[in-house]
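[1] here is my input, please return the structure:
(2 chains)
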Protein chains: 2
Amino acid sequence: MAHRYETDGAAIYRQSFATIRAEAALARFTPEEEVVVVRMIHAAGMVGLEAHVRFSPGMAIAARAALEAGAPILCDARMVSEGITRPRLPAGNPVICTLQDAEVPELAKSMGTTRSAAALELWRPHLAGAVVAIGNAPTALFHLLNMLEDPACPRPAAIIGCPVGFVGAAESKEALMQDLPCPSLIVEGRLGGSAITVAAVNALACRVE
Amino acid sequence: MAHRYETDGAAIYRQSFATIRAEAALARFTPEEEVVVVRMIHAAGMVGLEAHVRFSPGMAIAARAALEAGAPILCDARMVSEGITRPRLPAGNPVICTLQDAEVPELAKSMGTTRSAAALELWRPHLAGAVVAIGNAPTALFHLLNMLEDPACPRPAAIIGCPVGFVGAAESKEALMQDLPCPSLIVEGRLGGSAITVAAVNALACRVE
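    As a prediction, the model looks like this:
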């Protein structure tokens, strides 16, 4: 016999968000932050993620304002750039991922770093006022912080710093919150990844749940 | 002062996998399964995930054999298809995602289901012997099971069933392991998602860690 299941996409979202709000500890977030955290929990399928989510003051408001003003979204991986829901973008915002650009392997070799880090050098013309979404590589986040130590480097409007994993992820996110070159959002520790990062962008891009 | 970090990609992988093997409870997996679980934990940044990972007997061997024989990989979302590392594929395997195909919105409306489920109707010419990678939509996995209730529907070689979330994810994965139309791999419960699914594909595609 055929399996029966909920087939109304809007109903699935509503029911999911209601479950999350019933179960997760969201009281410490501002209303602007709460909708972002709910969507991050949704993407991870994990109530409890909220304990590791940290916003610098005003980050959610700054990121939303930048997106509404047309800010480009700079992504460290194709899984991030491909996940962003284009119809949610408020101003046809450009979504940029330079990781596959032809010059990146050579650049990485000459810089002595990973391709994920080297690819950020190609962000420079787009960095001013951008929203950065790092959901994969700790080395990308570390390299961005090093780029931003130069006062001449253009400042992004906000950074979603959620690289994942066992080497450098926790450390790079701590470093972001220490340096705080602009308003930022992290998931502390090892957790993170493209789905959580994409969820944060999609929540900040559009007030519709 | 510039942040110093590990810049050797191969060293990062080695160190990550060593940490996972030191911390995770992997004893119940076969050697063929273990390398898959390690990579799934790596993608999630979460030791403990292994408690929720379930293979049907022989799934890892069947999936690897299919991929080595050139099986297409059928993905429910672009975040899955984009995440698969092409140089790891053993036979230039086609990677197919039909979700954005032009006919899908109309098809979903006429079928009375989600676009994620309707998109699977376009898999039929590719299904025989394929490796299925569902990392997003529970409705896609439910619809696949319903398609496979028809004995005339071509059988995939293996199914990676890891949809994520709060509505239907746990239920669709339980249904997959009950029906077991072919060898399958799931993450039980709410956890799952594109990164974990991609990690399983990438591990099964190539023995090199």
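[2] what sits closest to A:His42 if chain neighbours are left out?
    Spatial nearest neighbour of A:His42, chain neighbours left out: A:Ser16 (5.5 Å); criterion: C-beta to C-beta, 6 or more residues apart in numbering or on different chains. Quick note: C-beta positions are derived from backbone N, CA and C, even for glycine.
[3] OK, contacts around the one you found?
    A:42, B:165-167 (C-beta atoms under 8 Å, 6 or more residues apart in numbering or on different chains).
[4] following the helix or strand that it is a member of, which helix or strand shows up next?
    Using DSSP states H and E, A:Ser16 falls within helix A:9-23. Toward the C-terminus, helix A:9-23 is succeeded by helix A:31-44 as the next helix or strand (DSSP H and E).
[5] so what does the helix or strand following that next one touch, helix or strand wise?
    Once helix A:31-44 ends, the next helix or strand along the chain (criterion: DSSP H and E) is strand A:53-55. Strand A:53-55 sits against helix A:31-44, strand A:184-187, with contacts defined as 3 or more C-beta pairs under 8 Å, 6 or more residues apart in numbering or on different chains; DSSP states H and E.
[6] mean confidence for the shortest one?
    Averaging the model's pLDDT scores along strand A:184-187 yields 98.
[7] and A:Ala118, how close does it get to B:His3?
    Counting by C-beta to C-beta, to the nearest Å, the gap from A:Ala118 to B:His3 is 15 Å.
[8] so which of these two has more stuff around it?
    Taking neighbours as other C-beta atoms under 10 Å in any protein chain shown, A:Ala118 and B:His3 compare with A:Ala118 leading, 26 against 18.
[9] check what contacts the helix or strand where A:Ala118 lies and list those residues.
    Secondary structure from DSSP H and E places A:Ala118 in helix A:115-118. Applying C-beta under 8 Å, 6+ apart, the external contacts of helix A:115-118 come out as A:76-77, A:99, A:104-105, A:107-108, A:111, A:136-137, A:139-140, A:142-143, B:7, B:9.
[10] try 6 Å
    Helix A:115-118 is contacted from outside by A:76, A:104, A:107-108, A:111, A:137, A:139-140, A:143, using C-beta atoms under 6 Å, 6 or more residues apart in numbering or on different chains.
[11] in stretch A:43-53, what counts as buried?
    A:43-47, A:49-50, A:52-53 (16 or more other C-beta atoms under 10 Å in any protein chain shown).
[12] low pLDDT regions in chain A?
    Low-confidence segments of chain A (pLDDT under 70): A:1.
[13] quick one, helices of it?
    For chain A, the helices defined by DSSP state H cover A:9-23, A:31-44, A:59-68, A:78-83, A:104-111, A:115-118, A:138-148, A:169-179, A:194-205.
[14] how about the helix holding A:Ser16: buried residues?
    So helix A:9-23, judged by 16+ other C-beta under 10 Å, has buried residues A:9, A:12-13, A:15-17, A:19-20.
[15] try stretch A:69-81
    Neighbour counts over stretch A:69-81 (16+ other C-beta under 10 Å) mark A:71-81 as buried.
[16] picking up where we left off before, pull the most distant pair out of the contacts of helix A:115-118.
    Greatest spatial distance in the contacts of helix A:115-118: A:Asp76 and A:Met111, 15.5 Å, computed using C-beta to C-beta.
[17] could I get the buried residues of helix A:9-23 as TSV with distance to B:Met177?
    Formatted as TSV, those follow (distance: C-beta to C-beta, whole Å):
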residue	distance to B:Met177
A:Gly9	25
A:Ile12	22
A:Tyr13	26
A:Gln15	23
A:Ser16	22
A:Phe17	28
A:Thr19	23
A:Ile20	26
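[18] so which of those would you say is closest to A:Ile61?
    Nearest to A:Ile61 among those, counting by C-beta to C-beta, is A:Phe17 at 20.9 Å.
[19] tell me how far the closest one lies from A:Ile41.
    9 Å.
[20] repeat for A:Asn136
    Noted for A:Asn136: a distance of 20 Å to A:Ile41, by C-beta to C-beta.
[21] residues from chain A in reach of chain B?
    Residues of chain A lying close to chain B (C-beta under 6 Å from any C-beta of the partner chain) are A:2-3, A:5-7, A:9, A:12, A:15-16, A:19, A:45, A:78-79, A:82-83, A:113-114, A:142, A:145-146, A:164-168, A:175, A:190-191, A:193-195.
[22] buried among those residues? Make that a ChimeraX selection.
    Per 16+ other C-beta under 10 Å, the buried members of the residues of chain A next to chain B correspond to this ChimeraX selection:
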select /A:3,5,6,7,9,12,15,16,19,45,78,79,82,83,113,114,142,145,146,164,165,166,167,168,175,190,191,193,194,195
